[in-house]
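>>> Got a predicted structure here, sequence first:
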Amino acid sequence: MATVKVYDQNKQESGEVTLASDVFEIEVRPEILNLVVRAQMAAKRAGTHNAKTRAFVSGGGVKPWKQKGTGRARSGSNRSPVWRGGAVIFGPSPRDYGFKVNSKVRALALKMALSSRLAGESLLVVKGIELPEAKTKHFAKVAGALGLSKALIVAPEDNETLSRSARNIPGLTLTTPDRLSVLEVLKHKQLVLLEGAVEPVQARFAGKKGA
């Protein structure tokens, strides 16, 4: 079990919290992280690019000129890929780039990502963030006090005030335990857990031993 300090929004110590060793102290294997990150990035690809094959190019109903006697190369259709305005050979077509990764491997990768932040001393547990109103300047002041630059902040649940206050600050992303992903954790240099989010994050792995 790892015991880390809990800070208030002014970065004054306000207690300690114990983190589960089977979630935050896992040996990091880069190949597992790489696999899951590639899967998540592939799933984000739209895959809507398309090029017309000769079946979809307009025209081509008549042979451009007779087979013999013209002195020109034989041609059967102006939809041919060798013609200007013709079809595209082996062009892109709509597709799904996603590929399957077992749920246990995905769970293990997320544990490794969380563990890497703890091991790199880039994990900060904050008791809570209270703002007088949804204003960017209020959140920016808290972020400055906590020393946040490029950070992923995990709140226990959706909070409209925090969300509206943080969305215009470059480098800061607000999320919840159920939306936590390997890609988001690794994209940000710092991981901030609000104290109320610690238990829900650990609960995601209840009964999952990993791969």
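Nice, thanks for sending it over. Because the structure is predicted, anything quoted here is derived from the model rather than measured. Numbers count the residues shown, from 1 in each chain.
>>> Distance check, Val101 against Ala143.
33 Å (Cβ to Cβ, to the nearest Å). No exception for glycine: its C-beta is placed from N, CA and C like everyone else's.
>>> try Pro92
42 Å.
>>> With neighbour numbers in mind, choose between these two.
Ala143 (21 against 11; other Cβ atoms under 10 Å).
>>> which SSE is the more buried one in?
Using DSSP states H and E, Ala143 sits in helix 136-146.
>>> Mind listing what's buried along that helix?
His138, Phe139, Ala140, Val142, Ala143, Leu146 (16 or more other Cβ atoms under 10 Å).
>>> can you check stretch 184-196 too?
Glu184, Val185, Leu186, His188, Gln190, Leu191, Val192, Leu193, Leu194, Glu195.
>>> now those residues as CSV including pLDDT?
As requested, the buried residues of stretch 184-196 are exported to CSV (pLDDT from 0 to 100):
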residue, pLDDT
Glu184, 95
Val185, 96
Leu186, 96
His188, 96
Gln190, 96
Leu191, 96
Val192, 96
Leu193, 96
Leu194, 95
Glu195, 93
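>>> Select, from those residues, the two members most distant in space.
Farthest pair in the buried residues of stretch 184-196 (Cβ to Cβ) is Leu186 and Glu195. Separation: 23.0 Å.
>>> Just send the buried residues of stretch 184-196 back as TSV, with distance to Gly71 and secondary structure too.
Below are the buried residues of stretch 184-196 laid out as TSV (distance: Cβ to Cβ, whole Å; DSSP: H, G, I helix; E, B strand; the rest coil):
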residue	distance to Gly71	secondary structure
Glu184	65	helix
Val185	68	helix
Leu186	64	helix
His188	67	coil
Gln190	73	strand
Leu191	73	strand
Val192	76	strand
Leu193	78	strand
Leu194	80	strand
Glu195	85	helix
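>>> Compile those into CSV and extend it with columns for distance to Ile169.
What follows is the buried residues of stretch 184-196, written out as CSV (distance: Cβ to Cβ, whole Å):
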residue, distance to Ile169
Glu184, 16
Val185, 19
Leu186, 20
His188, 13
Gln190, 13
Leu191, 16
Val192, 13
Leu193, 18
Leu194, 16
Glu195, 21
